[in-house]
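K.L.:
Following is a predicted model, sequence given first.
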Amino acid sequence: MASTAQAGNALAAVIAPLIKRDGISDTPLPGVSLLCLSRHQVRTPLLYEPSLTIIAQGRKMGYLGDREIYYDPGHYLVQTLPLPFECETYGSPEAPLLGISVRLDPALLSEMVTAMGNAGYHDQTPLPMASVAMTEGMQDAVLRLARTLNEAVECNTMGTARIRDVVFEALKGEQSQALRALVLGHGNYSRIVQVLSKLHANVAQDFSVEQLAAQANMSASTFHQHFKQITRSSPAQYLKRLRLIKAQQLLLQDNHNVNQAAAAVGYRSVPQFSRDYKRYFGEPPLQHRRQEQALRA
């Protein structure tokens with residue numbers, strides 16, 4: 001097996017020419033994105049959709065409650081739930097962080113889990129966000145996917161197969177149980193997955209713990225215990241962070257003003273929204289937008 005440094009260098013050499021700017025860049029393959037950051041980014045609230053994140057150069061450190069999650073060329077990130085967390089990124093102009101992200105498509109995942117049966121099954125506690133040691137199989141699969149992005153004909157013809165290769169390697173890995181739980185619908189983990197899906201689809205709606213517990217078919221106390229065990233936050237904390245990150249996306253990407261962003265995520269008081277936003281992101285909404293726009297200019 002090639003060293004992780006060698007494999008990372010090979011992947012970085014393939015994807016670097018495809019990246020034109022800092023941030024997340026789409027590719028011709030739906031669900032596949034490229035990551036780049038040519039500076040150090042301090043610990044910042046983020047929200048990843050369910051995905052696999054492979055780092056070719058640089059490193060990231062995620063903070064989820066009391067957990068610290070490192071991912072770098074030797075470890076890829078398996079994110080099975082869309083959890084608000086905090087992340088610090090290590091990159092520089094000389095050696096920017098470079099990576100590739102593969103969104104976990106529920107239909108593809110369901111098809112592959114059904115076809116695999118128990119092959120590759122790891123009897124480990126599923127985690128919604130975990131760093132997994134890089135394997136030779138995953139290194140090769142990601143490199144094939146990245147090379148496909150450079151050729152339009154190959155991308156159109158083999159792109160979906162290359163994505164399947166990467167997901168297949170993840171399904172053989174340490175967090176296969178978490179990936180399987182997304183589609184098999186068994187156990188407490190899957191019940192919490194369903195509740196989180198409802199919160200994301202109805203971010204502006206208010207829910208009581210009793211309502212969410214009823215959906216999960218649990219008592220309120222049991223639901224609260226399992227919810228906090230998985231997300232490292234209470235339901236109320238989770239919903240507040242989710243709303244603030246969604247509002248940040250509206251402000252920075254969709255050009256909503258502060259009033260529109262607050263209303264879109266369920267805030268009835270704009271001053272309360274601004275206070276919560278500053279407490280979470282460290283800056284008021286408008287100032288935060290100006291600074292992010294200046295960094296991207």
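P.N.:
Arrived safely.
K.L.:
Leaving out sequence neighbours, find the closest residue to Asn68.
P.N.:
Wrong residue type there; residue 68 is Glu, not Asn. Closest residue to Glu68 apart from its sequence neighbours, by Cβ to Cβ, 6 or more residues apart in numbering: Met61 at 6.3 Å. In short, each C-beta sits where N, CA and C put it, glycine included.
K.L.:
Could you pull up the mean pLDDT of the host helix or strand of that neighbour?
P.N.:
In this assignment (DSSP states H and E), Met61 forms part of strand 59-64. Mean pLDDT, strand 59-64: 94.
K.L.:
what angle sits between the next helix or strand after it and strand 59-64?
P.N.:
Note on strand 59-64: by DSSP H and E, the next helix or strand toward the C-terminus is strand 67-71. Calculated by axes from the mean of the first three to the mean of the last three Cα atoms, to 10 degrees, strand 67-71 forms an angle of 160 degrees with strand 59-64.
K.L.:
in stretch 236-251, what's buried?
P.N.:
For stretch 236-251, the neighbour count (16 or more other Cβ atoms under 10 Å) marks 238-248, 250-251 as buried.
K.L.:
what's the burial count for the residue nearest to Glu68?
P.N.:
16 (other Cβ atoms under 10 Å).
K.L.:
Hmm, it is touching Phe85, no?
P.N.:
No - look at Met61 against Phe85 with Cβ atoms under 8 Å: they stay out of range, at 10.6 Å.
K.L.:
Now do the strands in this protein.
P.N.:
With DSSP state E, the ranges of strands along the chain come out as 23-26, 32-37, 41-47, 51-57, 59-64, 67-71, 75-79, 84-90, 97-103, 129-133.
K.L.:
can you put the ones you listed in JSON lines and add distance to Lys198?
P.N.:
Converted to JSON lines, those look like this (distance: least, Cβ to Cβ, whole Å):
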{"stretch": "strand 23-26", "distance to Lys198": "26"}
{"stretch": "strand 32-37", "distance to Lys198": "26"}
{"stretch": "strand 41-47", "distance to Lys198": "16"}
{"stretch": "strand 51-57", "distance to Lys198": "20"}
{"stretch": "strand 59-64", "distance to Lys198": "21"}
{"stretch": "strand 67-71", "distance to Lys198": "24"}
{"stretch": "strand 75-79", "distance to Lys198": "19"}
{"stretch": "strand 84-90", "distance to Lys198": "16"}
{"stretch": "strand 97-103", "distance to Lys198": "20"}
{"stretch": "strand 129-133", "distance to Lys198": "20"}
